[in-house]
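Let's see this in three dimensions:
(chains A and B)
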Amino acid sequence: MQSTLHGKVLWRMTLDSIRLRDIERKSWRTYQQDGLTDVQFGGLMLAAAMVAVLDQLGAPPWARIVTLTVLAFLEVAAIVWMRRRYVAPRLGTVKFAPWRVRRTRAMRIMLAACVLATASLVVLTSLSKGLGIALPGDVGAWLIVSAVILVPVGGLALFLDYPRLLLHGGLFVVVEFLHIVAKLPSRFPFGGAIAYGTAACVSLAVGIGVYVRFLRVVPRPVLAPSEPCEEDARAAR
Amino acid sequence: MPRDSEPRRVEIDRVIHEPARLLLVAHLYVVESADYVFLMQNTDFTWGNLSSHLSKLEEAGYVEIVKDFVGRKPHTMVKLTAAGRRAFDTYRRQMKGLLADLPE
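Model (predicted):
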């Protein structure tokens, strides 16, 4: 009876530690939360700050678009390199379950739709005078921009199981408020750049902090395909 | 024919029953496939320990080990076979039944 109860307790403990949903969720979250996505957001806001500086210096629109595109491309390339060089060797490779793959595909479609919607808004705004379309006021414009930011960021936070992304989205929305409604760039010299720069610093500080912690907490595993030791062989039996 | 008073006999799969292998199979069950590094990180096993347990599971036909090269580096992916998934499902069902039957 005692051994039966002992066995029961032992197996309850083992089964408690093996909750399939938790195992899957933990594996997924580990892959998303190395801090580099936060760094990516910070980098985007830093690029926006640099564009705001160019704006203040009176650079032509094409120069701003080229700067933003080049900086965004460089940033994505740097993030991909850091993931391959430092994250992948620590976490290994895994193909997630088909339902996760389907969700990721749905997320990409949603992001593409958001990019299309943003491009349509930009085109409509630039053609508004010719087409006789009345543009919304400052608050209306800010609300539209906020929706354009928060819908994809909220979607990403949900799909990636990554609520911290909402912090970055919220920062972006606050900066846009200062830009569009409070008219910061026209009130202070480099006001827009300072607002974007401050938000970028917050996002970058969060991201770099999480990334450094990740590198410290998750060491590279020792990959020595040697003969199993006696203890290992005994465990396998 | 067994009488009602006789205890029920349940054949538990000993390959999966071993706690370390149970943990490994549980990790492989929730994903499509994974490499050694992923399994080492998530189970805290050493390379040797992992190899030993995976060999046992491969012998039983529960996992498939695919070795290939990524660039010049060897890369090994591990996948739970259909038989492995079935065996794990059966094991979970049996253990749930067994634990429910035991007195508190």
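
Only C-alpha atoms from now on, for both contacts and neighbour counts.
Will do.

Show me where chain A has its strands.
A:94-96 (DSSP state E).

Any stretches of it with poor pLDDT?
A:1-18, A:129-130, A:224-237 (pLDDT under 70).

What segments of it are helices?
In chain A, the helices defined using DSSP state H lie at A:2-17, A:20-32, A:36-56, A:61-82, A:88-91, A:98-131, A:138-159, A:165-180, A:184-187, A:191-217, A:230-236.

Give me whichever of those is most buried.
helix A:36-56 (a mean of 22; mean count of other C-alpha atoms under 10 Å in any protein chain shown).

so who does A:L91 touch?
Counting by C-alpha atoms under 8 Å, 6 or more residues apart in numbering or on different chains, A:L91 touches A:Y31, B:V37, B:F38, B:Q41.

Identify the farthest-apart pair in the residues you listed.
Farthest-apart pair in these is A:Y31 and B:V37; separation 13.0 Å (C-alpha to C-alpha).

if we can go back for a sec, scan the contacts of A:L91 and report the most crowded one.
Within the contacts of A:L91, neighbour counts (other C-alpha atoms under 10 Å in any protein chain shown) peak at B:V37, which reaches 26 neighbours.

isn't that one right next to A:T93, touching?
Yes. Counting by C-alpha atoms under 8 Å, A:T93 is a contact partner of B:V37 at 7.3 Å.

pLDDT score for B:F69?
B:F69 is assigned a pLDDT of 82 by the prediction.

Could you grab the helix/strand/coil label for the closest residue to it other than its chain neighbours?
Closest residue to B:F69 apart from its sequence neighbours, by C-alpha to C-alpha, 6 or more residues apart in numbering or on different chains: B:H75 at 5.3 Å. Under the three-state scheme (DSSP: H, G, I helix; E, B strand; the rest coil), B:H75 adopts strand.

And the most centrally placed residue in chain A, how far from chain B?
Central residue of chain A (C-alpha atoms, centre = their mean): A:T37, 3.4 Å from the mean position. Distance of A:T37 to chain B, computed by C-alpha to the nearest C-alpha, to the nearest Å: 21 Å.

again, but for A:L166
A:L166 is 27 Å from chain B, by C-alpha to the nearest C-alpha.

Looks like that residue contacts A:G155 (just checking).
No. Judged on C-alpha under 8 Å, A:L166 makes no contact with A:G155 at a distance of 9.7 Å.

hang on, the earlier thing: using CSV, lay out the contacts of A:L91 together with secondary structure and distance to B:H27.
Below are the contacts of A:L91 laid out as CSV (DSSP: H, G, I helix; E, B strand; the rest coil; distance: C-alpha to C-alpha, whole Å):
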residue, secondary structure, distance to B:H27
A:Y31, helix, 15
B:V37, helix, 13
B:F38, helix, 10
B:Q41, helix, 11
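
B:V70 - how many residues pack around it?
9.

ranges for the strands of chain B?
Ranges of strands in chain B, per DSSP E, are B:31-35, B:63-70, B:73-80.

among these, which is the most enclosed?
Of those, the one with the most neighbours on average (mean count of other C-alpha under 10 Å) is strand B:31-35, at a mean of 20.

what are the pairing partners of that strand, and which direction each?
Sheet pairing for strand B:31-35, assigned by DSSP bridges, gives strand A:94-96 (antiparallel), strand B:73-80 (antiparallel).

Would you convert those into JSON lines that also reports distance to A:T69?
Formatted as JSON lines, the strands paired with strand B:31-35 follow (distance: least, C-alpha to C-alpha, whole Å):
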{"stretch": "strand A:94-96", "distance to A:T69": "31"}
{"stretch": "strand B:73-80", "distance to A:T69": "35"}
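
ok so, going back, and the strands of chain B: which comes nearest A:L131?
When the strands of chain B are compared by C-alpha to C-alpha, strand B:31-35 sits nearest A:L131, at 52.5 Å.

What lies in contact with the closest one?
Contacts of strand B:31-35 (C-alpha under 8 Å, 6+ apart): A:24, A:92-98, B:28, B:75-80.

Next, find the distance separating the residue nearest in space to the middle of chain B from chain A.
Most central in chain B under C-alpha atoms, centre = their mean is B:V25, positioned 2.9 Å from the mean C-alpha point. B:V25 sits 10 Å away from chain A, going by C-alpha to the nearest C-alpha.

correct me, but that residue touches B:A87?
No. B:V25 lies out of contact with B:A87 (C-alpha under 8 Å); the separation is 9.9 Å.

And the contacts of stretch A:174-194?
Contacts of stretch A:174-194 (C-alpha under 8 Å, 6+ apart): A:48-53, A:56, A:138-139, A:141-142, A:145-146, A:195-196, A:199.

Report the two members of those residues separated by the largest distance.
That would be A:M50 and A:V139, which, of those, are the farthest apart (C-alpha to C-alpha) at 24.6 Å.

ok, back up a step: is it possible to export the strands of chain B to TSV including distance to B:L54?
Listed next are the strands of chain B as TSV, based on distance: least, C-alpha to C-alpha, whole Å:
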stretch	distance to B:L54
strand B:31-35	12
strand B:63-70	7
strand B:73-80	9
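
Next, work out how far apart A:L121 and A:K183 are.
21 Å (C-alpha to C-alpha, to the nearest Å).

ignore the last one, A:L160
34 Å.

Those two: which is more packed in?
Under the neighbour definition other C-alpha under 10 Å, A:L160 and A:K183 were set side by side, and A:L160 has more, 19 against 15.

What is the neighbour count of residue 95?
I went with chain A, as the question did not name one. Neighbours around A:K95, by other C-alpha under 10 Å: 15.

actually it's chain B I care about, not the one you picked
17.
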